[in-house]
Each structure stands twice: as C-alpha cells, then as structure tokens.
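1. Give me the fold of what follows.
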Amino acid sequence: MNFVRESVSVGGKELTIETGKWAKQASGSIVIRMGESMLLVTANGSKSVREGMNFMPLTCEYQEKGYAAGQIPGNYFRREGRPSEAEILVCRLMDRPCRPLFPKSWRYDTQLIANVISFDQENATDVLAIIGASCALHISDLVWDGPLAGIRVGRIDGKFVAFPTFEERDQSDLDIVVAATADAICMVEGEMAELDEETVIDALLFAHDAVKPILELQEKIRAAVGLPKREFVEPESDKDLYIKVEELVAGKVTEALAVREKHSRSAALSEVKAFALESLASEGMDYADRAEEVAEAFGKVQKNVARTQTIKTNTRIDGRKPDEIRDISCEVGVLPRAHGSALFTRGETQTLATATLGTKYDEQRLDSLRGEVRKKFMLHYNFPPFCTGETKMVRGTSRREVGHGNLAMRSVARVMPQHEDFPYTTRVVSEVLESNGSSSMASVCGGSLALMDAGVPTTAAVAGIAMGLMMEGDDYAVLSDILGDEDHIGDMDFKVTGTRKGICALQMDIKLKGVAREVLVTALNQAKAGRLHILDKMGEALESARDELNPNAPRIETIQVKPDKIRDIIGPGGKTIRAIQEQTGANVDIDDAGVVSISSSDGKSLNQAMALIKGLTMEAEVGEFYHGIVKRCVDFGAFVEILPGTDGLVHISEIAAERINNVTDVLTEGDAVVVKCLKVDRDGKIRLSIKEALAAEPDEADINNFVA
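-> Numbering: from 1, shown residues only. Just a heads-up that it's a prediction; the model follows:
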C-alpha cells in the first residue's frame, strides 16, 4: 500500500489522516492527528461468515495508552487493563453511527480498534476515534455505506466552535458530539446549559455543515489507496412468501397489536406467529423447510402493520396518540434509611432511584490521560434481567448500562450545586425495576426526585423523555415517550432531558438517510411539551429540594483558614489533626488553599471539632469577648489564655472596676474569666480587659469559647 497523508482545516484546526505506514496487515489502518493528539485506528473483518448469526457481529474497542501522555498506568499491574467507563463511552460513540451503515445481512465478524498513541492535553481524542473508524472502514475491503465524520461542537459567547479544546469546553455552554454522513446526521450525544430548542437545532446543522470537508478528505484517501470492496450481494427476500404471510396474518397482527399490556401483547403476537409457521412451514406445507424465512417475513409484516397504523391513523401500538404520555406516578422517601429515594413509574417502565451523600473520602478517583480525575457526582444505572421478565446471567456492568447512566448523569449534573456551596460527594443509583422503553429517561426523573428528597439544593427538577419517529415518504409521525417496540421499529431514537428553562442533555440515533429541519423542530417542540408535563407530575410529589438534609446524611461544614495556619491544624507528623479526629469522632480534611472540611453524622462531634479547629486558627480580634483561663499572675497583671496557645495581658487596672493593690487578691491561676480584647499590637501582643467585659454583660452567645 502506498503511503498517503492528507490534511484539512476545520474551525481553524488542522486534521491530518495518513495511511500506508502503520499496521499494514490490517484491512484498513490509519493514523489520525489533531495538534499532537494521535490515534491509530484499524478495521478488520473475518474471511468467512459466522453461521447461525441473526445480528451484525461488530465490536468496537477504544483504549487510551498511558505512554500517549507520558504516564505509567496507576493501577496495581501498571499496565492498561479492562476499559474504563470513559473508554467504554467512546466505544459506543464509534459503534452507534457505524453499525447502521453495514448491509442488514452482514455476518462477517468485524472489529474496529482505536488506540490513543499521543495526547497533547488540549485536543480530545473521542471524536477523532469516530473519524478514524470511518476512514479505516472506508479504505478497507469491508462493505460499508460510508464515509461518516464526527465533530464536537461548543458555543462560546453565543458563537459555535468546531473541535473546541478542553480549555474552550470549560467556557462553553454547549458540548455535543455529532456524527454525520453527507446526507444526514446519524448520531448526537451531549449536554448543554438549559438551552432552548432553536439553539440546539442550529448547533446540529452547524455540525453537519462543518463535517463536509472531513468527508471529502476521506473520499480523497479512498480514491488513492482504497482496497476493492468484497463481493457481497444482499439476499433478496421472497416477495411471494411475504405476500402469503401478509394475507394470512395481517388482520390477526392488527388485533394482537391492539392489546395494551406489554407481555399480553407479546403473547398474542407469538400465537399469531405460531399460526403462520403452522400454516406455512409445518410438515407437508409449501414452506416446510423454510421456517426461518417464514418467521422473518412475519417480523416484516408485524413491523409494517404497526408503522402503517401509527402513521395513517395517528394511533400507536398501545392506543395512545403521537404526543400522549403514559400514566405517571411519583413517590419520594420510599426507603427509610437511604438519604434520598424515589419510585418513578411511567406506564410499564419503573425505576427506584436513590441518592447517597458522602464526604471527600468518598470521591471517585480515576486515572486518565489528563491525570487523576476526582468525581464528586456519580450516577449509576442498573438494568437487571427481571425488569423485562427475563432470566440471564448477572455479570459486570454492560456497555449499555454505562451509556445510559452517563446520559442520566450529564442531565442531572447540570442542576447540582457548586461544590464550594455543597461540599458533599453525591451518588445516585437507578435500579430499573420494569422496562418498556425510556428507562434511561425514567432514571433522570427518579434521580432528580431522589436528590431533592435528600435535601440536595439542586437548582431545578430535571425530566427526560424519549422521542421516536416513523416516516414513510412525506408522511411521518413524531412519537412522545416511546415504547420498546416503537424504538425497535422506528426510524429515530431521540432522548431529550431538561428543566422548565431548557435542554440539559441530548442523545439521538437516526436510521434514515436524512431528517429535515422541520422534523427536528417538531420533535424538539413535542419533547418540550412532554417534558413540561412530566415535570408537572414530578412537582405533585416534590416541587423542589427539601429545606434540610435527610437526618441520616452526614453533616459537612467548611472553614476557610489562612494557609499559614494549616500547619497548626496538622501538627508535627499529623499529630494534632489525628488527635482532633480521635477526640471528636469527626473527619477533618484540609486542602492547600486553607479550606477545612469537617464531616460527621453526629452534630455534637462536628461542632466540637469545629471549635477545636477554630481555636487553633483563630486570631484575637479587637472588640470580641472571650472565655479565658488565667495562666499566670504577675505584679502588673495577669496573662489569660483566650485561644489555644494564645495569651493576652489583663493589666492590673483592667481587672476590676475598683482599684486593687494585688492581682492575687482577685485572681488565681486556673480561674475561668470573661475578657474583652482591647488591642492587638503589631508585634502580636494582646491587651485584654475583665473590667470592660463585666460592664458590658455580653450574652453567652456573643462570647467566643475556644479554651477548655
């Protein structure tokens, strides 16, 4: 293969793809680069079909190599292991737009592998993996209807930015990844700061326009070094067989689809399918040896009947109108010991969501090419087999669970309070108890309610809704709150989350060649109406966050101290801070900026630890009153300790209102007294007065008490 390197500028950033030098035994191999971030991406397919497969056997892998950023992996084995959640999410970004462009009957094992081999800390590699996967497939011998291109879009000061750097993303109120072919947007994934629908659509169209030079670049490379595509002919279905199946069961399928309950409907359709097989494929019948083809034809009839009914009559599988939302019920506080809990039910989809509050010690620490990442907010999504009435092995977290949890997490994270104002580590868990479509969106709703039930001061409630699309020619129906069956037979899965103010997150997968702006506008506006309806239902259970944290949650208080006081709290070898924690039972943590976090489930121990730390770090202030202990009496007065290790002088003239001859006539060492701070000299000497404190008669609440 000849060596080829081509570049194109997009949004002021140069994108370079080269091939013919790296991994030449792969069917397709490219190195893609932006700045000093580079990926090696390969595409391979088996030479023979895997028999007995009824789905497209595609696997996508993405791995961040430690050496790419000059790092040694931080795990025990000091080498790359199983993919992290962040890597799994990129695998999904590669898979979702690429998979639909393979022939429907493609049964060759196919694998895409993207390795990050250089990382410059500025340019993200996830979108480059999408482009690299497309180009590797495009120049290979694998049959694939590409190319496509991925792009990240941000918005800074109202202007859209292509391929924003990490620094630019921090300034952006929009962060979406879009994958598109020349004809259509294939996939969208991202988050935004409660933006309106028109802005989101403008961002999508900006992305589609921006990827065109990248598509042209791939075509140029394909023309130079692309391999001849394999001979592959999509098997033609037997039209006569389809007609016979349609004539036999179309009416029965219509009746079965009218059954409203999921499992009953599935059972009714299974009976109709069995009837078709018995009538056409049983022994002695015309299609006795073609049962699989009869079953496939039945599936097509079922799909076409459902789609036609929905588009022509505006009546969906479960009897709803296109914009109708299933019945919703919300309960909060359903678990007595959880910090926050909610049971969210929408039709036949139900999730139990919980919120748990922790301290700094509960933060999730992750290795990444950008260094150690600490996550203070987590949302985990679990999809057990019983939620769909199935029996399966329960193993580790699936890629689907990671992806759905990430979408819900990005949605709810937008309304979380700033860590400076709410210094907790927060974990939300969504347990899907029943599923018939939109379980990730139910997790958004349930998670938002659980946080508010825990007393987390979120800025607003967040709801999510899954939209669908069925299109035949110029006729189409946009569907709100889709069922699992509608997702399967539809042309679009469009998940939208947000508050009353605007959209927080978006995930879209489109199967069509193109979707007009009019359709996107309809879908987003219909999603908004559905979202507001769901928020109304959630508000009936809990309108906003509770005024106080759940009694079971730990309490955290923060104190800002001068950085030069940190050593006083820690003490020699950590002796002082350990003593505070052992004495009070509270946890104490200090950062380099002097922010002291004190946490405890016991209010008394927290207050005790706070008092000790304030005593170690406080400085005397003129005009303040202090409880003190007389440490030493001298001829001219008494030295009184008002803060741990901090003494001040009460002159003999400031001990009593009347004149006294000897200090010891009034005071002895160990006496507890109340004093007022009169002056703090430049050299740190403190002047105190018992006389003025007695005259002022301060309330107990106004007296600082840091000395035991």
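
2. Can I get stretch 76-91 in CSV? Just the C-alpha atoms.
-> Extracted C-alpha coordinates of stretch 76-91, given in CSV (Å, rounded to 0.1, in the frame of the first residue of the first chain):
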residue,chain,number,x,y,z
TYR,A,76,-1.7,-2.3,40.6
PHE,A,77,-0.5,-4.0,37.4
ARG,A,78,1.0,-0.8,35.9
ARG,A,79,-0.4,-1.7,32.5
GLU,A,80,-3.6,-1.0,30.6
GLY,A,81,-6.4,-3.4,31.6
ARG,A,82,-10.2,-3.6,31.1
PRO,A,83,-11.7,-0.5,29.6
SER,A,84,-12.7,2.3,31.9
GLU,A,85,-16.2,3.8,31.8
ALA,A,86,-14.8,6.8,29.8
GLU,A,87,-13.3,4.4,27.2
ILE,A,88,-16.5,2.4,27.0
LEU,A,89,-18.4,5.6,26.2
VAL,A,90,-16.1,6.2,23.3
CYS,A,91,-16.5,2.6,22.1
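
3. State the mean pLDDT of it.
-> Model confidence over stretch 76-91 averages 93 on the pLDDT scale.

4. And for stretch 214-229?
-> Here the mean pLDDT over stretch 214-229 is 97, rounded to a whole number.

5. ok, and what's touching the strand ranked longest in the chain?
-> Ordering each strand of the chain by length in residues (DSSP state E) puts strand 37-49 first. By CB atoms under 8 Å, 6 or more residues apart in numbering, the residues outside strand 37-49 that reach it are 22-23, 26-33, 68, 107-120, 122-125, 128-129, 132-133, 135-137, 140-142. The way it works is simple: take the backbone N, C-alpha and C, and place the C-beta from them, glycine included.

6. chain center to that strand: distance?
-> Relative to the mean C-alpha coordinate of its chain, strand 37-49 is positioned 29 Å out (CA atoms, centre = their mean, to the nearest Å).

7. Go through the longest helix seen in the chain and flag the buried ones.
-> Ranked by residue count under DSSP state H, the longest helix found in the chain is helix 517-541. Neighbour counts over helix 517-541 (16 or more other CB atoms under 10 Å) mark 519-520, 522-524, 526-528, 530-531, 533-535, 537-538, 541 as buried.

8. which of those residues lies closest to residue 504?
-> Distances from residue 504 to the buried residues of helix 517-541, taken as CB to CB, are shortest for residue 531 (10.0 Å).

9. That closest one reaches residue 465, doesn't it?
-> Yes. The pair residue 531 and residue 465 passes the contact test of CB atoms under 8 Å, sitting 5.4 Å apart.

10. which residues do the two both contact?
-> In the contact map built from CB under 8 Å, 6+ apart, the residues linked to both residue 531 and residue 465 are 496, 497.

11. I'd like to know how far the nearest residue to residue 637 once chain neighbours are set aside sits from residue 632.
-> Spatial nearest neighbour of residue 637, excluding adjacent residues (CB to CB, 6 or more residues apart in numbering): residue 651 at 4.4 Å. Computed as CB to CB, to the nearest Å, the residue 651 to residue 632 distance reads 14 Å.

12. neighbour count winner among these two?
-> Set side by side, residue 651 and residue 632 show more neighbours around residue 651, with 16 against 13, by other CB atoms under 10 Å.

13. what's the more buried one sitting at in phi/psi?
-> Note on residue 651: backbone dihedrals following degrees, to the nearest 10 are phi -70, psi 150.

14. quick revisit: next structured bit after the longest strand of the chain?
-> Towards the C-terminus, the helix or strand next in line after strand 37-49, according to DSSP states H and E, is strand 58-64.

15. okay, and for the chain, where does confidence drop off?
-> 1, 706-708 (pLDDT under 70).

16. bridging residues for the nearest residue to residue 108 once chain neighbours are set aside?
-> In space, residue 108 comes closest to residue 45 once its chain neighbours are excluded; the distance is 4.5 Å by CB to CB, 6+ apart. Residues found in beta-bridge contact with residue 45 (criterion: DSSP bridges) are residue 110.

17. Kindly report the same for residue 16.
-> Residues in beta-bridge contact with residue 16 (DSSP bridges): residue 7, residue 33.

18. Near it, how many other residues are there?
-> Residue 16 is flanked by 15 other residues according to other CB under 10 Å.

19. Shouldn't residue 293 be within a helix?
-> Yes. The secondary structure assignment for residue 293 places it in a helix, going by DSSP: H, G, I helix; E, B strand; the rest coil.

20. which ones are touching it?
-> 237, 238, 241, 287.

21. can you pick the most crowded of those residues?
-> Neighbour counts for these peak at residue 287, which has 20 neighbours (criterion: other CB under 10 Å).

22. picking that back up, quick one, the longest strand of the chain and strand 58-64 angle?
-> Calculated by axes from the mean of the first three to the mean of the last three CA atoms, to 10 degrees, strand 37-49 forms an angle of 160 degrees with strand 58-64.

23. got the CA positions of strand 37-49 in PDB?
-> Output of strand 37-49 as PDB, limited to C-alpha atoms (Å, rounded to 0.1, in the frame of the first residue of the first chain):
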ATOM      1  CA  SER A  37      -3.100  14.100  19.800                       C
ATOM      2  CA  MET A  38      -2.900  11.000  17.600                       C
ATOM      3  CA  LEU A  39      -4.800   7.700  17.200                       C
ATOM      4  CA  LEU A  40      -4.100   4.500  15.400                       C
ATOM      5  CA  VAL A  41      -7.400   3.100  14.100                       C
ATOM      6  CA  THR A  42      -7.800  -0.200  12.400                       C
ATOM      7  CA  ALA A  43     -10.700  -2.100  10.700                       C
ATOM      8  CA  ASN A  44     -10.800  -5.900  10.100                       C
ATOM      9  CA  GLY A  45     -13.300  -8.400   9.100                       C
ATOM     10  CA  SER A  46     -13.300 -12.200   9.100                       C
ATOM     11  CA  LYS A  47     -12.900 -14.000   5.800                       C
ATOM     12  CA  SER A  48     -15.900 -16.200   6.300                       C
ATOM     13  CA  VAL A  49     -19.400 -15.700   7.600                       C
END
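
24. Show me which residues of that strand are buried.
-> Judged by neighbour count (16+ other CB under 10 Å), strand 37-49 contains these buried residues: 37, 38, 39, 40, 41, 42, 43, 44, 45.

25. same deal with stretch 167-175?
-> Burial within stretch 167-175, assessed by neighbour count using 16+ other CB under 10 Å, is assigned to 172, 174, 175.

26. Now, those that are in strands?
-> Counting by DSSP E, the part of these found in strands is 174, 175.

27. Just put the buried residues of stretch 167-175 in TSV and tack on distance to residue 93.
-> Shown next, in TSV, are those (distance: CB to CB, whole Å):
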residue	distance to residue 93
172	18
174	17
175	13
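
28. nearest spatial neighbour of residue 189, skipping sequence neighbours?
-> Closest residue to residue 189 apart from its sequence neighbours, by CB to CB, 6+ apart: residue 177 at 4.9 Å.

29. any idea how far residue 94 is from that neighbour?
-> Distance check for residue 177 against residue 94: by CB to CB, it reads 11 Å.

30. Ok, residue 392 next?
-> 25 Å.

31. next one: residue 300
-> Applying CB to CB to residue 300 and residue 94 gives a distance of 29 Å.

32. sorry, back to before: quick one: which of the contacts of residue 293 sit in helices?
-> residue 241.

33. ok, the contacts of residue 293 vs residue 615, which is closest?
-> Relative to residue 615, the closest of the contacts of residue 293 is residue 237; by CB to CB it sits at 82.7 Å.

34. was I right about that closest one contacting residue 294?
-> No. With contact defined as CB under 8 Å, residue 237 does not count as touching residue 294 (11.3 Å).

35. Which neighbours do these two have in common?
-> Residues touching both residue 237 and residue 294 by CB under 8 Å, 6+ apart: none at all.

36. Let me know how buried residue 483 is, in neighbour terms.
-> Applying other CB under 10 Å, we find 25 residues neighbouring residue 483.

37. Residue 314 too?
-> Using other CB under 10 Å, residue 314 is surrounded by 12 other residues.

38. For it, give me its contacts.
-> With contacts defined as CB under 8 Å, 6+ apart, residue 314 is in contact with 321, 322, 477.
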